[in-house]
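S.K.: Fold the following and give me the result.
(one chain, ligands or ions: 1)
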Amino acid sequence: MTHPAPFHLETWAVHLGREVDAATGAVAPPIVLSTTFERDADGSHVRSFTYTRDDNPNRRALETALAALEGGAVAVALSSGNAATSAVLSALRPGDHAVLPAHSYYGSRKAAQIAQAQRGITVTLVDMRDPQRVAQAMRPTTRLVWVETPSNPLLHVTDIAAIAELAHRHGAWCVCDNTFATPVLQNPLQLGADAVTHATTKYIGGHSDVLGGVVVLRERGELFEHVKAYQVSGGAAPSPFDCWLLLRSLPTLPLRVRAQSERALQIARFLAEHPRVHAVHYPGLTTHPDHAIAARQMRGGFGGMLAFQVRGGEAAASKVAARVRLFTRATSLGSVESLIEHRALVNPDDHVPRDLLRLSIGLEHTEDLIADLAQALAA
Ligand code: PLP
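M.R.: Coordinates of the predicted model:
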């Protein structure tokens with residue numbers, strides 16, 4: 001299902017999966033906590049629900065909405081972003097090869113490395129900013145090319161259409177982690193990807209109060225069967241309340257993400273001019289090496305995530321993080337409150353510079369956020 005014409009994304013974000021409850025007239029959907037559903041006298045389930053791990057009204061509503069927002073045929077909601085990644089990796093068999101970005105959310109690479117150690121698949125990590133390197137990494141056994149763009153935490157941008165075309169030429173799936181961009185700014189399925197994943201914990205949830213993941217697929221083919229089996233038989237299903245919270249957040253998703261993107265761009269420009277900052281990583285800056293690709297494949301903004309490097313190394317970065325008053329020092333991203341994270345403290349990833357501070361821009365006023373960073377950098 002693509003965005004059903006003639007409405008716009010904002011309209012669908014409000015209405016998809018939110019029909020008025022037929023039994024009660026409730027406008028906000030009820031939360032169906034029941035784990036089991038009554039059989040009819042003939043033994044069937046004409047009301048279509050049987051058992052909540054198989055399907056649940058809140059989960060179905062969320063999946064319907066997310067499939068439509070990403071322009072996919074079907075969505076599978078999972079219990080975390082990592083569960084979404086692992087559900088895709090579960091499609092790989094011993095002897096299969098997967099190509100993943102060298103620079104990406106370290107948890108996704110870790111999940112692939114665990115699959116490599118336990119299930120006899122092989123993994124190659126590649127700098128995906130250069131499609132030539134991906135081409136060189138492809139093997140006859142390559143079944144999966146994983147893309148994450150913009151990437152966490154360095155904001156690298158990958159050309160989704162080029163990588164999808166390359167993957168398909170070799171008979172592999174192209175799956176894109178769209179957590180940073182959200183369907184508001186980027187639709188990888190329209191650019192050729194076979195599936196999109198999200199940590200719905202982040203922008204889709206948007207309030208730092210629910211953990212979740214989703215895989216949205218272009219079609220109900222083999223990859224879907226594996227992901228669905230991971231959800232139902234693997235038991236990685238989200239709770240009805242988590243699905244309800246995520247659906248509750250969808251109507252504001254376009255507004256939140258665009259406002260966060262506008263603020264992030266202004267903050268990136270401020271930081272780029274600051275004498276104590278020696279690098280700013282934000283694809284919305286025209287000086288970003290991947291700006292042209294980002295401008296081509298994203299629309300209406302470049303997202304609410306950015307990172308910057310402070311002169312003076314790790315200790316100086318640590319002091320800036322210690323001095324902020326409005327930003328909260330915490331991991332995660334995509335919520336209404338702005339967060340700052342000194343990645344050297346939390347990330348066992350050697351690719352990340354020790355002086356890198358990652359910002360998740362929330363919905364506070366831009367001037368207040370800039371003033372906070374200015375005082376933290378000035379001291
Ligand atoms: N993908 C990306 C890009 C992320 O940033 C994260 C978490 O930070 C994940 C996946 C994993 O999500 P979760 O923490 O919900 O498992």
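
S.K.: Low-confidence ranges, the stretch 251-379 of the chain, go.
M.R.: 347-350 (pLDDT under 70).

S.K.: Setting aside sequence neighbours, what's the nearest residue to residue 149?
M.R.: Once flanking residues are discounted, residue 149 sits nearest to residue 158: 4.2 Å by Cβ to Cβ, 6 or more residues apart in numbering. (C-beta placed from N, C-alpha, C; glycine too.)

S.K.: got a list of what that neighbour touches?
M.R.: For residue 158, the contact set (Cβ atoms under 8 Å, 6 or more residues apart in numbering) comprises 101, 128, 129, 147, 148, 149, 151, 293.

S.K.: Inside helices: which ones of those?
M.R.: Here DSSP state H is the test, and those give residue 293 as lying in helices.

S.K.: among the contacts of residue 158, which are in reach of the ligand?
M.R.: Intersecting these with the surroundings of the ligand, defined as Cβ under 6 Å from any ligand atom, gives residue 148.

S.K.: Give the closest residue to residue 113 in space, chain neighbours not counted.
M.R.: residue 123 (6.5 Å).

S.K.: ok so, going back, which SS state does the residue nearest to residue 149 fall under?
M.R.: Assigned with DSSP: H, G, I helix; E, B strand; the rest coil, residue 158 falls in the coil class.

S.K.: Close to the ligand: what parts of the stretch 201-350 of the chain are there?
M.R.: Residues of the stretch 201-350 of the chain lying near the ligand (Cβ under 6 Å from any ligand atom): 201, 211, 213.

S.K.: run the last query once more with 5 Å
M.R.: Applying the criterion Cβ under 5 Å from any ligand atom, the portion of the stretch 201-350 of the chain that neighbours the ligand consists of residue 201.

S.K.: Which parts of the stretch 201-350 of the chain are strands?
M.R.: Ranges of strands within the stretch 201-350 of the chain are 213-217, 277-281, 305-310, 328-329, 339-342, based on DSSP state E, counting those that start in this stretch.

S.K.: Now the closest residue to the ligand within the stretch 151-300 of the chain: closest residue in space, sequence neighbours ignored.
M.R.: Of the stretch 151-300 of the chain, the residue with the smallest distance to the ligand, taken as Cβ to the nearest ligand atom, is residue 199 at 3.0 Å. Excluding the flanking residues, the one nearest residue 199 by Cβ to Cβ, 6+ apart is residue 81, at 2.4 Å.

S.K.: so what's the one you found up against?
M.R.: 107, 179, 197, 198, 199, 200, 201, 202, 212, 213.

S.K.: make it 6 Å
M.R.: 199, 201, 213 (Cβ atoms under 6 Å, 6 or more residues apart in numbering).

S.K.: Which one (most neighbours) among these?
M.R.: Greatest neighbour count in the contacts of residue 81, by other Cβ atoms under 10 Å, goes to residue 199: 30 neighbours.

S.K.: list the contacts for residue 185?
M.R.: 298, 300, 301.

S.K.: My read is that the last one contacts residue 261, right?
M.R.: Right, the one you point to is residue 301. Yes. With contacts counted by Cβ atoms under 6 Å, residue 301 reaches residue 261, the gap being 2.9 Å.

S.K.: that older thread, in this structure the residue of the stretch 151-300 of the chain closest to the ligand contacts residue 179, no?
M.R.: Yes. With contact defined as Cβ under 6 Å, residue 199 and residue 179 form a contacting pair (4.7 Å).

S.K.: Quick check: phi and psi on the residue in the chain that the ligand sits nearest to?
M.R.: Going by Cβ to the nearest ligand atom, the ligand is nearest to residue 81 of the chain, at 2.2 Å. Phi and psi for residue 81, reported as degrees, to the nearest 10, are phi -60, psi -40.

S.K.: on that earlier part again, can I get the contacts of residue 185 in TSV including neighbour count?
M.R.: Converted to TSV, these look like this (neighbours: other Cβ atoms under 10 Å):
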residue	neighbour count
298	22
300	13
301	21
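
S.K.: From residue 32, how far out is residue 142?
M.R.: Distance from residue 142 to residue 32, counting by Cβ to Cβ, to the nearest Å: 42 Å.

S.K.: How about residue 223?
M.R.: Remark: distance between residue 223 and residue 32 (Cβ to Cβ) = 28 Å.

S.K.: now residue 205
M.R.: 19 Å.

S.K.: And for residue 302?
M.R.: Using Cβ to Cβ, residue 302 is found at 38 Å from residue 32.

S.K.: Could you do residue 51 as well?
M.R.: Residue 51 is 12 Å from residue 32, by Cβ to Cβ.

S.K.: Next: residue 20.
M.R.: In terms of Cβ to Cβ, residue 20 sits 15 Å off from residue 32.

S.K.: more crowded one of the two?
M.R.: Counted by other Cβ under 10 Å, residue 20 and residue 32 do not tie: residue 32 has more neighbours, with 19 against 10.

S.K.: wait, that one sits on residue 57?
M.R.: Yes. Taking Cβ under 6 Å as the definition, residue 32 is a contact partner of residue 57 at 4.6 Å.

S.K.: average pLDDT for stretch 106-125?
M.R.: For stretch 106-125, mean pLDDT rounds to 95.

S.K.: So what touches it?
M.R.: Residues outside stretch 106-125 that contact it (Cβ under 6 Å, 6+ apart): 82, 85-86, 89, 92, 94, 96-100, 102, 137, 349.

S.K.: picking that back up, same list, the contacts of residue 158, but as JSON lines with distance to residue 36 and neighbour count please.
M.R.: Shown next, in JSON lines, are those (distance: Cβ to Cβ, whole Å; neighbours: other Cβ atoms under 10 Å):
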{"residue": "101", "distance to residue 36": "42", "neighbour count": "24"}
{"residue": "128", "distance to residue 36": "45", "neighbour count": "28"}
{"residue": "129", "distance to residue 36": "50", "neighbour count": "19"}
{"residue": "147", "distance to residue 36": "39", "neighbour count": "26"}
{"residue": "148", "distance to residue 36": "38", "neighbour count": "25"}
{"residue": "149", "distance to residue 36": "41", "neighbour count": "29"}
{"residue": "151", "distance to residue 36": "42", "neighbour count": "26"}
{"residue": "293", "distance to residue 36": "49", "neighbour count": "19"}
